[in-house]
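Colleague: Sequence unavailable; structure follows:
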C-alpha cells in the first residue's frame, strides 16, 4: 500500500476532561474506524473524529458516520419500559405508560407462558437484526431455542444478505462476503460492480475504486440508474431491473467464447462446467440485449475488459440480491470469477457490499431459521450435537428449523404464531407488502419490542423494552470483508436502558431457564461462550480473542486457534468448502421477475438507499442534519416519462402497484431508464415504499423481490404538499 498517498497522521488533541474511545461506526458493513469523544466529567459522548490508523477506510467517514454519536443521547431515547394498556391503539404511538422492569418482565413471562401453555412452544417467535454485535446475535439464537424453546426465529438479514449467503454457499460451500481484504481493491486491474450504488451506500470505499482507474485499470458498473459511480464507469451496463441473470450468463458466454476461460483451473478446481456452458451458450449479446435492454456492443466490451484483466474483482450488492432469483444472480456473477480462475489470490476474487454493520457475522451464528453458531445447519445431526454440548441441552431438545422472515408474518396472520419478541429491527417499514405485514403484527396476541426508540414496529407492541445504542456496550462485529473487529463502550447506558444480551439473560432466568444463561454476567462472558460455540464450524471464530483483534486491527475468519492469525484471503490453496474441495459452476436458466410490466402497470419500480439514511431510518431520520438533507422520499422519473404523464418536477403524484399506493414528490432526472421509477426505502408510515413492493420470494434464499415490480403513476387533480 502507498501509505504516502492514502495515509494521514493527525495528532489527537483533546479538551480538558475529554477522552477518546477507539471504536467503529454503527451503520453499514464498512464499519469505518472512529474515536468517540467523551466528556469524562459528565460521562457523555460529545463528538467524533475519524481514525486514520484504521486500515480499511484510513480516516474516511460519510455523513451518517460523523453524526452517528448523536443517536446515543437523543431526546427520543427510550429510558424506561413501556406497557400498552389500550390494545385498540396498536399501530400508533398512543396507549403506552411507563413501567418498571419488574412489571414489564412479569407481564412478558405471564403472557409468554400462557400462550405456550395453550398453543404450544412454537406459538412464540423471535425476529431480530444484524445491527447488533456477534455476541448479541449469537445469544438471540440461543434465547429463542433454549429459553423460549421455539423453532420460529429469523432476522432482517433475510431482507438484505440472504441471497448472497445462499449463492456463495452453493458456489463455494461457504459464505464469506469477500474472498479478499478491502485493502487489495485499489491494486486490482478491473472492478465489475453490479447492483451497487457504492458512492452513496458505501462511500468510504470510493477512494480505492477511483484509484483503480487512476492506475489505468477499468471500472464496469451494472445498474438501471446512472448513479454517481456509473457516471464515472468505463462502461455502464444500464439493464432493466430484475434482468441480472441474463447479463451474468452473457458475460460467462462471452468469456468462454473469446478464450478467456482458465481451462486448467476449471478442470482442477471446479465442477459443473459443461452443464453451465450448455445453459449460457444461448446468451449471445443480441439475445441478452432483448432481455436487459443493454446495447450488444456494451456487453461485448465489458466481457473483453474483464477477460483480459490480469486481476479482477466482481462486486455486488442488494441490486442483484433482492430479486426472486437473487441467489442465482450471485452464483451467476461468481461464475465469472471461477471460469476465468480469477479467485484464490490477492487482488482477485468476489465481494459483496454488506448493508448492515454486522450483516456478515449476524447471519453466521444462529439467528437464521435453519442456522446454528459457526454457520452450522440445524438439519445436520452432528452440527446439532456440537452446539448442544456448549448449550448444555440434549440434541432432541433442539427445535426444528423455522421459516423465513416474511413467512413468519404469514404464520402470524394465520394465528400459528401468536407471540413475538422483536429486537433491533423495524419490519413495519422494511418488510415488503406492508399492508399485509402491519395487519399480521396487529393480529398477534402479544408482542414485545426491544429498541432504542419507539420505532414504527414498536407502535404495534404490548411491551417496549429500552435497549442501548452501540456506544453503550461492547462486543465484536464482522465487517464486509469478513474481518472481526471490536466495538468499545464509550458511555454508561442512559436512563434504565439495558443491553439486549442482558435483557435476554434476565428474561431467560424469569422464564425458568436460568440454568443455561445465568453464568453470562458480562458481554465478555457471552463472547467467550460464543467463540466456543463457533469452534469447528465453517465460520470458526474461536481464535479471534478480543486481545488479538486489538493487536491486529481485526481478525479475518476462519480463525481456528489463538495462534492462528486469521484468513484475509480465501481459497489461496484453491481448496473450496464442498466435500471434494472443488467450487461449483452453476447452470442457471434465466427467469424473469415475478411481476412484469403490463398495460395496467407499465413501469418497473425499484428501490434503494440514499447517502443520508440507514435501513428503515429509525435512527437517521432523528438526526437533524441527516433529516434536513433528505427529509422525505421522492420518486425518480425520466424526463420523457414525466412528459408522457404530464407531470412536473416537485409535483406530487400517486404511485401504486397491485399491493398498495403512496404519494410522492417527483424528481425528474435523466439518470434513470425511461421504463423505470425509483423510490428510497428509508421512510415509514404512509411514506413507506414497501406499501407497494411485492413479497415474491427467492426459492433458495427466501429473499423478497424488492428490486422489481410493476407499477403505475397517476397525476393528481391538483398540486399537493405532503410534508
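Modeller: Good, I have the coordinates. Everything numeric in this text was worked out from a predicted model, so none of it was measured. Residues are numbered from 1 along each chain as shown.
Colleague: taking the mean pLDDT, what do you get for the longest helix along the chain?
Modeller: Secondary structure of the chain per DSSP state H: the longest helix is helix 101-119. Mean pLDDT, computed over helix 101-119, is 98.
Colleague: same thing with stretch 501-509?
Modeller: Here the average pLDDT along stretch 501-509 is 98.
Colleague: follow-up on the earlier one: can you name every helix or strand that the next helix or strand after the longest helix of the chain contacts?
Modeller: The element immediately downstream of helix 101-119 (helix or strand, assigned by DSSP states H and E) is strand 124-128. Contact analysis of strand 124-128 by 3 or more C-beta pairs under 8 Å, 6 or more residues apart in numbering; DSSP states H and E lists helix 101-119, helix 134-142, strand 153-155, helix 405-414, strand 419-423 as its packing neighbours. (C-beta placed from N, C-alpha, C; glycine too.)
Colleague: residues in contact with strand 124-128?
Modeller: With C-beta atoms under 8 Å, 6 or more residues apart in numbering as the test, strand 124-128 has contacts from 112, 115-116, 137, 140, 143-144, 148, 150, 152-156, 367, 402, 405, 408, 411-412, 417-425, 427.
Colleague: Of these, just the buried ones, ChimeraX syntax please.
Modeller: Filtering these down to the buried ones (16 or more other C-beta atoms under 10 Å) takes a single ChimeraX command:
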select :112,115,116,137,140,143,144,148,150,152,153,154,155,156,367,402,405,408,411,412,417,418,419,420,421,422,423,424,425,427
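Colleague: Where do the strands of the stretch 101-250 of the chain begin and end?
Modeller: For the stretch 101-250 of the chain, strands defined by DSSP state E, counting those that start in this stretch occupy the ranges 124-128, 153-155, 190-194, 218-222, 235-237.
Colleague: Distance to residue 304 and mean pLDDT added to those, as CSV?
Modeller: Shown next, in CSV, are the strands of the stretch 101-250 of the chain (distance: least, C-beta to C-beta, whole Å; pLDDT from 0 to 100):
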stretch, distance to residue 304, mean pLDDT
strand 124-128, 45, 98
strand 153-155, 41, 98
strand 190-194, 11, 98
strand 218-222, 10, 98
strand 235-237, 10, 98
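Colleague: Just name the shakiest helix or strand of the chain by mean pLDDT.
Modeller: Lowest by mean pLDDT, DSSP states H and E among the helices and strands of the chain is helix 3-6, with a mean of 47.
Colleague: Can you name the next helix or strand after it?
Modeller: By DSSP H and E, the next helix or strand past helix 3-6 is strand 18-24.
Colleague: And the average pLDDT for that next one is what?
Modeller: 96.
Colleague: And for stretch 284-298?
Modeller: 98.
Colleague: What residues sit buried inside that stretch?
Modeller: For stretch 284-298, by 16+ other C-beta under 10 Å, it's 284, 285, 287, 288, 289, 291, 292, 293, 294, 298.
Colleague: now swap in stretch 77-88 and tell me
Modeller: Applying a neighbour-count criterion of 16+ other C-beta under 10 Å, one finds 77, 78, 80, 81, 82, 83, 84 buried in stretch 77-88.
Colleague: The fourth one and residue 96 touch, don't they?
Modeller: No: Residue 81 lies out of contact with residue 96 (C-beta atoms under 8 Å); the separation is 9.6 Å.
Colleague: Now for these two: what residues contact both?
Modeller: Common neighbours of residue 81 and residue 96 (criterion: C-beta under 8 Å, 6+ apart): residue 464.
Colleague: low-scoring stretches of the chain, by residue?
Modeller: 1-15, 718-723 (pLDDT under 70).
Colleague: Could you rerun that using 50?
Modeller: Counting by pLDDT under 50, the ranges of the chain that qualify are 1-4, 6-11, 721-723.
Colleague: Show me what residue 606 bridges to in the sheet.
Modeller: With DSSP bridges as the criterion, residue 606 is bridged to residue 678.
Colleague: how close does it sit to residue 680?
Modeller: 11 Å (C-beta to C-beta, to the nearest Å).
Colleague: more crowded one of the two?
Modeller: Between residue 606 and residue 680, counted using other C-beta atoms under 10 Å, the more crowded position is residue 606 (28 against 22).
Colleague: my read: that one touches residue 678, true?
Modeller: Yes: assessed by C-beta under 8 Å, residue 606 is found in contact with residue 678 at 5.4 Å.
Colleague: anything in contact with each of those two?
Modeller: Shared contacts of residue 606 and residue 678, counting by C-beta under 8 Å, 6+ apart, come down to 224, 225.
Colleague: so what's residue 345 closest to, chain neighbours aside?
Modeller: Distance criterion C-beta to C-beta, 6 or more residues apart in numbering; nearest residue to residue 345, sequence neighbours excluded, is residue 572 at 6.8 Å.
Colleague: which phi and psi does that neighbour have?
Modeller: phi -60, psi -30 (degrees, to the nearest 10).
Colleague: Show me what the helix or strand hosting residue 300 is packed up against.
Modeller: In this assignment (DSSP H and E), residue 300 forms part of helix 296-308. Packing partners of helix 296-308 (3+ C-beta pairs under 8 Å, 6+ apart): strand 190-194, strand 218-222, strand 235-237, helix 244-257, helix 285-292, helix 326-340.
Colleague: one more time with 6 Å
Modeller: Judged by 3 or more C-beta pairs under 6 Å, 6 or more residues apart in numbering; DSSP states H and E, the packing partners of helix 296-308 are strand 190-194, strand 235-237, helix 244-257, helix 285-292.
Colleague: between it and helix 326-340, how many degrees?
Modeller: 60 degrees (axes from the mean of the first three to the mean of the last three C-alpha atoms, to 10 degrees).
Colleague: which residues sit against helix 296-308?
Modeller: Contacts of helix 296-308 with the rest of the structure, by C-beta atoms under 6 Å, 6 or more residues apart in numbering, involve 190, 192, 218, 220, 235, 237, 250-251, 254-255, 260, 285-286, 288-289, 312.
Colleague: Of the residues you listed, keep whichever come out buried.
Modeller: Neighbour-count burial (16+ other C-beta under 10 Å) applied to those gives 190, 192, 218, 220, 235, 237, 250-251, 254-255, 260, 285, 288-289, 312.
Colleague: Going by distance to residue 343, which of the residues you listed wins?
Modeller: Nearest to residue 343, judged by C-beta to C-beta, of the buried ones among the contacts of helix 296-308 is residue 312 at 9.6 Å.
Colleague: was I right about that closest one contacting residue 341?
Modeller: No: taking contacts as C-beta atoms under 6 Å, residue 312 lies outside contact range of residue 341: 10.7 Å.
Colleague: hey, where'd the strands end up in the stretch 501-650 of the chain?
Modeller: 555-556, 583-584, 603-608, 634-637.
Colleague: May I have the strands that pair with the first one, each with its orientation?
Modeller: The reference is to strand 555-556. strand 483-487 (antiparallel).
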